[in-house]
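Q: next come a sequence and a model predicted from it.
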Amino acid sequence: MKNGFFRGHGLGNDYLVVDPHEMTFKLTPKHIKAICDRNWGVGSDGILALVPSKKADFGLRIFNPDGSEAEKSGNGLRIFARYLHATGRTKKKRFTVETKGGLVRIELHVDRHGDAAAATVEMGIATFKPNALPCSLEVPELIQQPIKAAGRTLTFTGVSVGNPHCVVFKPAGESWSREELLTLGPVLENHGLFPKRTNVQLAVPTGPREIFILIWERGAGETQASGSSSCAAASAAVRLGLVRSPVTVKMPGGVLNIDVAVDFSLTMKGPVAEVARGTLSPSFVRVLR
């Protein structure tokens, strides 16, 4: 189907999935921004593109709504996995996907209707080393480092799970407001310490194996949920001794379960939903061209 798309979401974090070989135009940053625009386009938190891979069963490129490219997305991977299953591109329940942030293994959980309603994703190993994000601080690891943002002095833990994250905790019993996220998120995303920008999580422990996070995604802004953000925040919380694994990560969009192993390898499990399939209209495509 020419110029077709598959729309899905993971806890409210929505993506469009496309096969570039079925598109009559190239996925340039300008075109991606136009398609993802929620008023003038289809509307989406990003685009997932099926690409060939020599290392895995499938290849995936992940684009943010501002046209930039992301290395990895936990929700995106679950949506991509459901797309592969729902469109008959695979009948397997276990397969591998290559991303710019590394190769991941996925297991689908099929419900009684035959839909891949949830997925478990091996997300790789978290690291706190500055060069992995990257971060310009010259320290062995980015554990509880000071940072100034929006007139405040905060303490952050930097984590890479294949893509960069800046996790800022408040003590148990306190909370973050949405206003704080909207103020601090863009400043931290574009902070001079992070030459390639960063994702941001404002987190607080809410139990011995539970945290709550608000999310500001690099290139997307405020999102209701994020798989890679959940992995990053969970691994930071375990590293700081705030919680024990497995970690239940609660977000405005819902809950993901993250297992953090002793070597900080990460396994994420969560739901995924299909919303729609459709095609871009010829007139919209003409405007893109």
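A: Received, thanks.

Q: spit out the contact partners of residue 69.
A: 61, 62, 63, 100 (Cβ atoms under 8 Å, 6 or more residues apart in numbering). In short, each C-beta sits where N, CA and C put it, glycine included.

Q: which two in the residues you listed are spaced the farthest apart?
A: Maximum pairwise distance among the contacts of residue 69 (Cβ to Cβ): 10.8 Å, between 63 and 100.

Q: the two: which is more packed in?
A: Using other Cβ atoms under 10 Å, the more surrounded residue of residue 63 and residue 100 is residue 63, with 27 against 14.

Q: isn't there a helix covering residue 75?
A: Yes. Assigned with DSSP: H, G, I helix; E, B strand; the rest coil, residue 75 falls within a helix.

Q: and the gap between the residue lying closest to it once chain neighbours are set aside and residue 261?
A: Nearest non-adjacent residue to residue 75, counting by Cβ to Cβ, 6 or more residues apart in numbering: residue 10, 3.3 Å away. Look at residue 10 and residue 261: by Cβ to Cβ, to the nearest Å, they are 22 Å apart.

Q: those two: which is more packed in?
A: Between residue 10 and residue 261, counted using other Cβ under 10 Å, residue 10 has the larger neighbour count: 29 against 14.

Q: would it be right to say that residue 80 lies in a strand?
A: No. Using three-state DSSP, the assignment for residue 80 is helix, not a strand.

Q: domains for the chain, by residue range?
A: Listed domain ranges for the chain are 4-122+272-288, 130-263 (source: automatic domain parsing).

Q: any common contacting residues for residue 63 and residue 100?
A: 69, 70.

Q: need the contact list for the residue nearest to residue 75.
A: Taking Cβ under 8 Å, 6+ apart, we find residue 10 in contact with 74, 75, 76, 78, 79, 225, 227, 270, 271, 272, 273.

Q: one more time with 10 Å, if that's ok
A: For residue 10, the contact set (Cβ atoms under 10 Å, 6 or more residues apart in numbering) comprises 45, 73-79, 82, 118-119, 224-227, 253-254, 256, 270-273.
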